[in-house]
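> based on what follows, work out the 3D shape:
(one chain, ligands or ions: 1)
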Amino acid sequence: MSRFVQQDVIADPFELTLVDRPEPHAGPGQVRVRVAAAGLNPVDWKIASNPAAAQAFGVSAPTGFGNDFAGVVDEVGDGVTDFAVGDRVFGGARGRAAADHVVVDPSTERLVAAPAGLDLEVASALTIAGLTADAVVTVSGLKEGETVVVSAAAGGVGVLAVQLAKQLGATVIGTASEKNHDFLSELGAIPVAYGEGLADRLREATEHVDVAIDLHGTDLVEAAAELGVAADRIVTIAAGPNPPHGARATGGTEASPGALDRIARGIADETLILPIEARFPIERIDEAVALQRSGHVRGKVVIIT
Ligand SMILES: NC(=O)c1ccc[n+]([C@@H]2O[C@H](COP(=O)([O-])OP(=O)(O)OC[C@H]3O[C@@H](n4cnc5c(N)ncnc54)[C@H](OP(=O)(O)O)[C@@H]3O)[C@@H](O)[C@H]2O)c1
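Model (predicted):
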């Protein structure tokens, strides 16, 4: 048997049940992964709680839960040549990652070889955050010597976006609550508090902002427009498809080719970090989701199977 987190109704609040089901098997072209860990993202609880969001992501109840995972390949179907039993991998399985086993089709779903030295718990939290962090930096056109503000800079996407921007040679300002200011300084960013008066605090922190990357609502979009940042250099992932002030909505689908491999190698060789704030055994998934949903996690929350 194989444990699987199941959800029967998409509603808010939602109920997750850990069930035993027969082991799934890899069909032709498919790969089965023995999941070691499944990283959580805000989109997981948004899909679980909102029928419109679930429909937009092609999820319908009954369903599983989660997207990001990492583990070891333990079965390959006929015709699979890129993966073999024993490979350490990570990737995305929409609506079913929180489980002992996931079966994925690498021709349509993301499955990436984990480089030596990349811890599987960290790998399990990498897919959505890594792709999205690369996308926001890439789409913004950020260049060496420019100044960028990243909001929600200590969150899952933010912590990677800050480091990618630093690696490009930008000056990085990150918004966070006070508890994360020292952490952002350690990453080489200038910390600024989010909330009311953000534009004024940014004026105090810097003479000029070239790029704004808004990862939470529209506060930074508003502040950047007030500071005169060009509309095509204001990028957002959390304001829906039509953000204000002509800002550019983007997402993980706009990541540059090879982004996940590069970020995974960066973490393996310790030139990047992705902190895991908390780990929960799969039996305690409700606590893990509640912590993720609280909106104040540093880095990621991970389910251990
Ligand atoms: N479009 C896409 O493709 C895409 C992809 C990934 C994520 N997203 C969306 O982007 C958002 C961020 O994702 P994530 O994974 O980084 O989320 P996350 O890890 O849950 O973000 C947590 C961070 O948000 C910060 N935060 C909380 N309230 C804030 C506020 N009022 N203003 C600014 N920052 C605030 C927190 O900072 P403190 O702890 O310091 O308070 C915390 O570090 C989510 O809405 C997610 O759904 C979209």
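> and the nearest residue to residue 190 once chain neighbours are set aside, what are its phi and psi?
Once flanking residues are discounted, residue 190 sits nearest to residue 173: 4.6 Å by CB to CB, 6 or more residues apart in numbering. For every residue, glycine as well, the C-beta is placed using N, CA and C. The phi/psi pair for residue 173 (degrees, to the nearest 10) reads phi -110, psi 130.
> equivalent analysis for residue 34, please.
Phi and psi for residue 34, reported as degrees, to the nearest 10, are phi -80, psi 110.
> how about the helices in the stretch 51-200 of the chain?
When assigned using DSSP state H, counting those that start in this stretch, the helices of the stretch 51-200 of the chain occupy the ranges 51-56, 120-123, 127-140, 156-167, 181-186, 198-205.
> want to throw those into a markdown table with distance to the ligand and mean neighbour count?
Listed next are the helices of the stretch 51-200 of the chain as a markdown table, based on distance: least, CB to the nearest ligand atom, whole Å; neighbours: other CB atoms under 10 Å:
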| stretch | distance to the ligand | mean neighbour count |
| --- | --- | --- |
| helix 51-56 | 10 | 14 |
| helix 120-123 | 14 | 23 |
| helix 127-140 | 4 | 25 |
| helix 156-167 | 3 | 25 |
| helix 181-186 | 8 | 15 |
| helix 198-205 | 9 | 16 |
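> what sits closest to residue 47 if chain neighbours are left out?
The nearest residue in space to residue 47 (CB to CB, 6+ apart) is residue 54, at 4.8 Å.
> which residues of the stretch 151-300 of the chain lie near the ligand?
Residues of the stretch 151-300 of the chain lying near the ligand by CB under 6 Å from any ligand atom: 151-152, 154-158, 175-177, 180, 194, 215-216, 219, 237-238, 251-252, 295-298.
> can you list which of those are found in strands?
Under the assignment DSSP state E, these contribute residue 175 to strands.
> and the residues of the stretch 151-300 of the chain next to the ligand, which are buried?
Neighbour-count burial (16 or more other CB atoms under 10 Å) applied to these gives 151-152, 154-158, 175-176, 180, 194, 215-216, 219, 237-238, 251-252, 297-298.
> output the below-cut-off pLDDT ranges for the stretch 101-250 of the chain.
Scanning the stretch 101-250 of the chain for pLDDT under 70 picks out nothing.
> what residue in the stretch 201-305 of the chain comes nearest to the ligand?
Residue of the stretch 201-305 of the chain nearest the ligand, by CB to the nearest ligand atom: residue 251 (2.5 Å).
> quick one: residue 28 and residue 79 touch, right?
Yes: if you go by CB atoms under 8 Å, residue 28 and residue 79 touch, sitting 5.4 Å apart.
> contact partners of stretch 135-145?
With contacts defined as CB atoms under 8 Å, 6 or more residues apart in numbering, stretch 135-145 is touched by 148, 157, 161, 164-165, 168-170, 210-211, 213, 215, 232-233, 235, 237, 248, 250-256, 259.
> cool, and stretch 96-103?
Applying CB under 8 Å, 6+ apart, the contact partners of stretch 96-103 are 2-5, 16, 23-27, 30-35, 38, 63-69, 71, 74, 93, 282, 285, 303, 305.
> and the buried ones among these, selectable in PyMOL?
A single PyMOL command selects the buried members of the contacts of stretch 96-103 (16+ other CB under 10 Å):
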select buried, resi 2+3+4+5+16+24+26+30+31+32+33+34+35+38+63+64+65+66+67+68+69+71+74+93+282+285+303+305
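> which ones among the contacts of stretch 96-103 are found in strands?
The members of the contacts of stretch 96-103 that map onto strands under DSSP E are 2-5, 31-35, 38, 68-69, 71, 74, 303.
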